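Novice: Need a 3D model of the sequence below.
(one chain, ligands or ions: 3)
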Amino acid sequence: MSANRYQQHFTVSWDQLHRDVRALCHQLVERDFKGIVAITRGGLIPAALIARELNVRLIDTVCIKSYEHKEQGGLDVMKGVDHDGEGWLLVDDLVDTGKTARKVREMLPKAHFVTVYAKPEGRPLVDQCLTEVAQDCWIQFPWDMGIAYVQPLVEQVRKGDDA
Ligand SMILES: O=P(O)(O)OC[C@H]1O[C@H](OP(=O)(O)OP(=O)(O)O)[C@H](O)[C@@H]1O
Ligand SMILES: O=c1[nH]c(=O)c2nc[nH]c2[nH]1
Ligand SMILES: [Mg+2]
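Specialist: Residues are numbered from 1 along each chain as shown. Ligands and ions are numbered 1, 2, ... in the order given. Take a look at the predicted model:
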C-alpha cells in the first residue's frame with residue numbers, strides 16, 4: 001500500500017512513549033503473564049518497558065517485517081515461537097491495517113495482545129491499546145527521529161517574502 005494514504009503525523013517523543021507505556025501497564029498490572037513476546041522491531045522497546053513495570057524476565061520474539069518506511073509490502077516472517085501464546089503477553093508498538101497483527105494472532109491465538117497505539121482498521125485485532133489515532137495518521141516514533149537545527153522564525157518568514 002502506498003505512503004500517500006498518510007495525511008497527518010503524530011509525533012511521539014521518548015518521554016511521551018514512556019508515559020504511554022506506563023499508562024498501558026496500569027491496565028495490565030493485575031494479570032499474571034508467563035512471559036512477553038515482542039513483535040520486532042517496533043514492539044521491542046515497549047516490551048522492555050512493560051517487562052520492567054510488570055517484573056517479567058522471560059522475553060521472546062516474533063520477528064516479522066511488513067513496511068519499508070511508509071511503503072507496505074508482503075509479510076516476511078523470520079522467526080516464530082513454539083507455543084500458542086497461552087498465558088503470554090504479546091506486544092507491538094502499533095496496529096495499523098492489522099495485517100501484521102492478523103498473522104501474529106494466527107501464530108499465537110491464545111496470547112493477550114496489546115499495542116501502545118492503534119488505528120481503526122487494526123483495532124479489533126488487539127485485546128488492549130492505549131491511544132487510538134486516525135487511519136490516515138502516520139505515527140513518528142522517537143527511534144526514527146533525530147534532533148535537527150531549525151531556522152529562526154524571522155528568517156523563515158523573510159525567505160518566504162523573497163520567494
Ligand atoms: O498493522 P500493519 O499495517 O501490519 O502495521 C503495523 C506494523 O508495522 C510496523 O512494523 P514494520 O513492518 O514497519 O517493521 P518494524 O517493526 O521492524 O519497524 C509496526 O511496528 C507494526 O508491527
Ligand atoms: O513508524 C510507523 N508509524 C506508523 O504509523 C506505521 N504504520 C505501520 N507501520 C508504521 N510504522
Ligand atoms: Mg513492527
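
Novice: OK, contacts around residue 35?
Specialist: Residues counted as contacts of residue 35 (Cβ atoms under 8 Å, 6 or more residues apart in numbering) are 56-60, 88-89. Backbone N, C-alpha and C define where each C-beta goes, glycine included.

Novice: Quick check: it vs residue 151, distance?
Specialist: If you measure residue 35 against residue 151 using Cβ to Cβ, to the nearest Å, the figure is 48 Å.

Novice: which residues of the chain score low on pLDDT?
Specialist: Low-confidence segments of the chain, defined by pLDDT under 70, span residues 1, 163.

Novice: Find the closest residue to ligand 1 in it.
Specialist: Of the chain, the residue with the smallest distance to ligand 1, taken as Cβ to the nearest ligand atom, is residue 42 at 2.7 Å.

Novice: is it true that that residue lies in a helix?
Specialist: No: according to DSSP: H, G, I helix; E, B strand; the rest coil, the state of residue 42 is coil, so it is not within a helix.

Novice: Could you grab the helix/strand/coil label for the closest residue to it other than its chain neighbours?
Specialist: Ranked by Cβ to Cβ, 6 or more residues apart in numbering and with sequence neighbours excluded, the top spatial neighbour of residue 42 is residue 93, at 3.5 Å. Three-state assignment for residue 93 (three-state DSSP): strand.

Novice: hang on, isn't residue 93 packed against residue 43?
Specialist: Yes: here residue 93 reaches residue 43: they are 5.7 Å apart, a contact under Cβ atoms under 8 Å.

Novice: Now residue 45: which helix or strand?
Specialist: For residue 45, the host element (DSSP states H and E) is helix 44-54.

Novice: can you pull the buried residues of that helix?
Specialist: Of all the residues in helix 44-54, those buried under the rule 16 or more other Cβ atoms under 10 Å are 44-47, 49-51.

Novice: residue contacts, the residue nearest to the spatial centre of the chain?
Specialist: Compute the mean C-alpha point of the chain, and by Cα atoms, centre = their mean the closest residue is residue 93, 1.5 Å away. Counting by Cβ under 8 Å, 6+ apart, residue 93 makes contact with 42-43, 45-46, 115-117, 139, 141.

Novice: Residue 100 now?
Specialist: Contacts of residue 100 were listed using Cβ under 8 Å, 6+ apart, and they are 39, 64, 66, 75, 92.

Novice: okay, the helix or strand harbouring it in CSV with CA atoms only?
Specialist: In this structure, residue 100 sits in helix 99-107 according to DSSP H and E. In CSV, the C-alpha atoms belonging to helix 99-107 read as follows (Å, rounded to 0.1, in the frame of the first residue of the first chain):
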residue,chain,number,x,y,z
LYS,A,99,-2.0,-7.2,8.5
THR,A,100,0.9,-7.9,10.9
ALA,A,101,-1.5,-8.5,13.9
ARG,A,102,-3.6,-10.9,11.9
LYS,A,103,-0.6,-13.0,11.1
VAL,A,104,0.8,-13.0,14.6
ARG,A,105,-2.6,-13.8,16.1
GLU,A,106,-2.7,-16.9,13.9
MET,A,107,0.7,-17.9,15.3
